[in-house]
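J.: please work out how this folds:
(one chain, ligands or ions: 1)
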Amino acid sequence: VDATAEAMPFNANKRFEYGYDNAHAPLEGEGVEAPSDDVGASTLSEMNESDKLGTRAAAGEPVAVGPLDPVRTDATARRMTTNQGVPVSDNQHSLKAGLRGPALLKDFILREKITHFDHERIPERVVHARGSGAHGFFECYAPLTNLTRAAPFQAKGKVTPVFVRFSTVQGERGSKDTARDVRGFAVKFYTDEGNWDLVGNNMPVFFIQDAMKFPDLVHAVKPEPHHQMPQAASAHDTFWDFVSLMPESTHMLMWLMSDRAIPRSFRMMQGFGVHTFRFVNAQGESRLVKFHWTPKLGTHALAWEEAVKIAGPDPDFHRRDLWEAIEAGEYPEWELGLQVFTEEDADRFSFDVLDSTKIIPEELVPVQPVGRMVLNRNPDNFFAETEQVAFCTAHVVPGIDFTNDPLLAGRIHSYVDTQITRLGGPNFHEIPINAPVCPVHNNQRDGAHRQAVHRGRVAYEPNSLGGGCPFQAGAAGFVSFPEPVAQDELRGHPEKFAEHYNQATLFYDSQSPEEQAHIAGAFRFELSKVTVPAVRARMLAGLANVSADLAAQVADGLGMEVPEPMPRAIARVPKPEVRTSEALSMLARPGDPGVRTRRFAILVADGVDGATVEAVQGALLDAGAVPRLMGVRIGVCATAEGGELDADASLENEPGVLFDGIIVPGGDGNMAALRQDARVLDYLKEQYRHCKALLVFGDGDAMLEAAGIDATLPDGSADPGIVFGDDARRAIASYIAVAGRRHWARETDPPRV
Ligand code: HDE
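T.: Residues are numbered from 1 along each chain as shown. Predicted coordinates for the structure are as follows:
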């Protein structure tokens, strides 16, 4: 019998069932040859050299591949064993008393396999359950020694390995990526002085001011407890009931109802540390600081209807996008910026910097770039890395300290605490993805699943039997900033915390008309899902304090009147320093609006003009975009010139919502097959509705007409997002110039097409 996989289109270990062999036991010697010993290999990964381990950073980028190497395993050319290392001879059959007899209890191999399987799930994160991670590095632009002694900022060009996890908040582990939601943006810096976790979000503010309200918020937004609906959605009664009773959430609601809550990609969203943190330098001097991550590709969003439709064909849309970009060597990059200010500056602001529902407008404290972060390696194993990574706000390093933000205080407790349940004990710091890259020595001992083998009899301090080790680091260690506290213990909050609307107004007033329309549309959609009219009315009363215009639009969309504005909690409303801020509008600061890494569908069918396809494909590839040939079905189609093209995807397996742009090449009456396919018309309509750019050759204008698409904007001017390919070369160039952004000007409410 030829045992090569190609020659045996069946389970080679069950060959007897296919008449090759009558034996029910493995052939003698089969599956038990000892692998040749790798002389000199000292780690599992060295013994298991394979291509997978070759996915390393380019030269000069010393990322965190080193510390994980000893635990990376690869089964290539290895025999199968039990968890105890016992070679397994037959992985197909349980041990039985006779071929038709009962299975035997002593089959430890079956029992080990099933027992392990029975326990292979761990609890999902109570929030941020759905996420995707990647490895990379942070590189410092210039030393910040005057501000902080934190290790990553000590020298120009210093590189610190990082692991980053992006997430949605409300949905369960398997929920859709494109829900309207806040995105988590958690960065673990493996510094020389221990791990620093900057556990942020893609929005710079939060719903609540005090950790005391966090369980209430999460219970309100998660699926309702009686029937566990809806999944990964805030559009339901309990969420709006809660937030309408918590006016402090109004500012965050503006962000959540904006397009920031439906990012185009994890690679195209900002990140924020949210709280005010503290930097402390070697002299013990302190400055207050806010952290900002700005994506190199710019901040871009989906259209709401598109986000809803993507959730069907590709619930993994963001996970896939991140994975594919890194595999393709298109490493996502962010710049880290800081807002640095003093306590005296903070005292002068009209808001409290300890209040996480407030930003510090960039007009008051500019953001200074201090370094960049590049993600350049996908995890080897989702569970081992992305699922087991444990971010904790309590993980700070010398030079970084907390402020008295009452939301942060609760987080410092919560993250460590939650890992004890999720990861099954207090030793989660030893799981390879969580382990620091610097040595760890203390007298903490034992606990479930201890990995370290502590030598000697001393596990206390002071000691003389162990030479006094490990010894305290003194001033070289983490020294808490000696912030004076001289107040009575009490429950409550400072006066400025009671101002809830100024910055919600600032946010709304800083948006472009298109962005404002999307915010109004999102409130309308969400509140239309609220079944209790009094909750809708209460929310409208809150919005009336933000903007009369917004409240009126939302009320109109719900068929309601705008009620009296909700009474304000603060007697004298402080005057805001800033009325509009460009930094708050994604469209005002789109960053790079190019086509790099964007996905394009080129429709093909028999009779397609092959030369056009080739030209478009080549130009898109040159621009760093990802063109896909989209057929009525996958496989070969004939070009007008008599050549052949191989369609990568079909209208059925990759619907148009998964693409940033669409190209209809000419040829044979624009490919008769496509014109007869109703899905093509839907495809074109959706591209148009979601304001993406279209490039149409030949008599494709007839196809647009059939789809009801008008190439003029509501104001009568030509739609710059629809390019006609009369002169192929010029058309392709002008298409690429406009195809990286959305053409919102064509949007009407309700849609025309
Ligand atoms: Fe979290 N949060 N959070 N959070 N959070 C968790 O920790 C919590 C808050 C954020 O990819 C949990 O390991 C409290 C703000 C991210 O693994 C938990 C409060 C911000 C992630 C927890 C907040 C965040 C979490 C759940 C209010 C932005 C995912 C599992 C006092 C600055 C990290 C876990 C990852 C995860 C608690 C508020 C961001 C329960 C008590 C504000 C990105 O510990």
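
J.: what ranges does the stretch 501-650 of the chain have for its strands?
T.: 599-603, 626-631, 635-638, 644-647, 649-650 (DSSP state E, counting those that start in this stretch).

J.: ranking those strands by burial, who's on top?
T.: Greatest average neighbour count among the strands of the stretch 501-650 of the chain goes to strand 599-603 (a mean of 24), per mean count of other C-beta atoms under 10 Å. No exception for glycine: its C-beta is placed from N, CA and C like everyone else's.

J.: hmm, back to that, with mean pLDDT and distance to the ligand added, can I get the strands of the stretch 501-650 of the chain in TSV?
T.: As requested, these are exported to TSV (pLDDT from 0 to 100; distance: least, C-beta to the nearest ligand atom, whole Å):
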stretch	mean pLDDT	distance to the ligand
strand 599-603	96	26
strand 626-631	96	27
strand 635-638	94	41
strand 644-647	96	38
strand 649-650	94	31
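
J.: surely Pro720 touches Arg742?
T.: No - at 11.3 Å, Pro720 does not count as touching Arg742 under the criterion of C-beta atoms under 8 Å.

J.: comparing the two, which residue is more hemmed in?
T.: A count of neighbours by other C-beta atoms under 10 Å puts Arg742 above the other of Pro720 and Arg742, at 25 against 16.

J.: what sits against the residue nearest to that one when sequence neighbours are not counted?
T.: Once flanking residues are discounted, Arg742 sits nearest to Cys691: 4.2 Å by C-beta to C-beta, 6 or more residues apart in numbering. The neighbours of Cys691, taking C-beta atoms under 8 Å, 6 or more residues apart in numbering as the test, are Ala303, Gly721, Arg742, His743, Trp744, Arg746, Glu747.

J.: tell me the pLDDT of the fifth one.
T.: Translated: Trp744. pLDDT for Trp744: 96.

J.: ok, the closest residue to it other than its chain neighbours - how many residues close by?
T.: Nearest non-adjacent residue to Trp744, counting by C-beta to C-beta, 6+ apart: Glu514, 3.9 Å away. Using other C-beta under 10 Å, the number of residues around Glu514 comes to 18.

J.: any idea how far Glu514 is from Val657?
T.: Distance of Glu514 to Val657, computed by C-beta to C-beta, to the nearest Å: 19 Å.

J.: repeat that for Gly467.
T.: Taking C-beta to C-beta as the measure, Gly467 falls 66 Å from Val657.

J.: of these two, who's got more company?
T.: Shown here are Gly467 and Val657; by other C-beta under 10 Å, Val657 has more neighbours (25 against 10).

J.: pretty sure that one sits against Pro313.
T.: Yes - Val657 lies in contact with Pro313 (C-beta under 8 Å); the separation is 7.1 Å.

J.: mutual contacts of these two, please.
T.: Shared contacts of Val657 and Pro313, defined by C-beta under 8 Å, 6+ apart, are absent.

J.: so who does the closest residue to the ligand within the chain touch?
T.: Closest to the ligand within the chain is Gly184: 2.7 Å, counting by C-beta to the nearest ligand atom. Contacts for Gly184 (C-beta under 8 Å, 6+ apart) come out as His128, Gly131, Arg165, Phe166, Ser167, Thr168, Val169, Val199, Gly200, Asn201, Asn202.

J.: now with 6 Å, please.
T.: Taking C-beta atoms under 6 Å, 6 or more residues apart in numbering, we find Gly184 in contact with His128, Ser167, Asn201.

J.: okay, and the residue nearest to the spatial centre of the chain sits in which element?
T.: Taking C-alpha atoms, centre = their mean, the centroid of the chain lies closest to Phe166, which sits 2.9 Å from it. For Phe166, the host element (DSSP states H and E) is strand 159-168.

J.: taking strand 159-168 as reference, get the angle to whichever helix or strand comes after that strand.
T.: The first helix or strand that comes after strand 159-168 along the chain, using DSSP H and E, is strand 183-191. Going by axes from the mean of the first three to the mean of the last three C-alpha atoms, to 10 degrees, strand 183-191 is angled at 160 degrees with respect to strand 159-168.

J.: what pairs with strand 183-191, parallel or antiparallel?
T.: Its sheet considered, strand 183-191 pairs with strand 159-168 (antiparallel), strand 194-201 (antiparallel) by DSSP bridges.

J.: ok, and what's touching the shortest one?
T.: So that's strand 194-201. For strand 194-201, contacts defined as C-beta under 6 Å, 6+ apart pick out 182, 184-189, 271-274, 291, 391-393, 395-397, 436.

J.: at 8 Å what do you get?
T.: With C-beta under 8 Å, 6+ apart as the test, strand 194-201 has contacts from 150-152, 182-189, 271-274, 291, 293, 391-393, 395-397, 400, 411, 415, 434, 436, 438.
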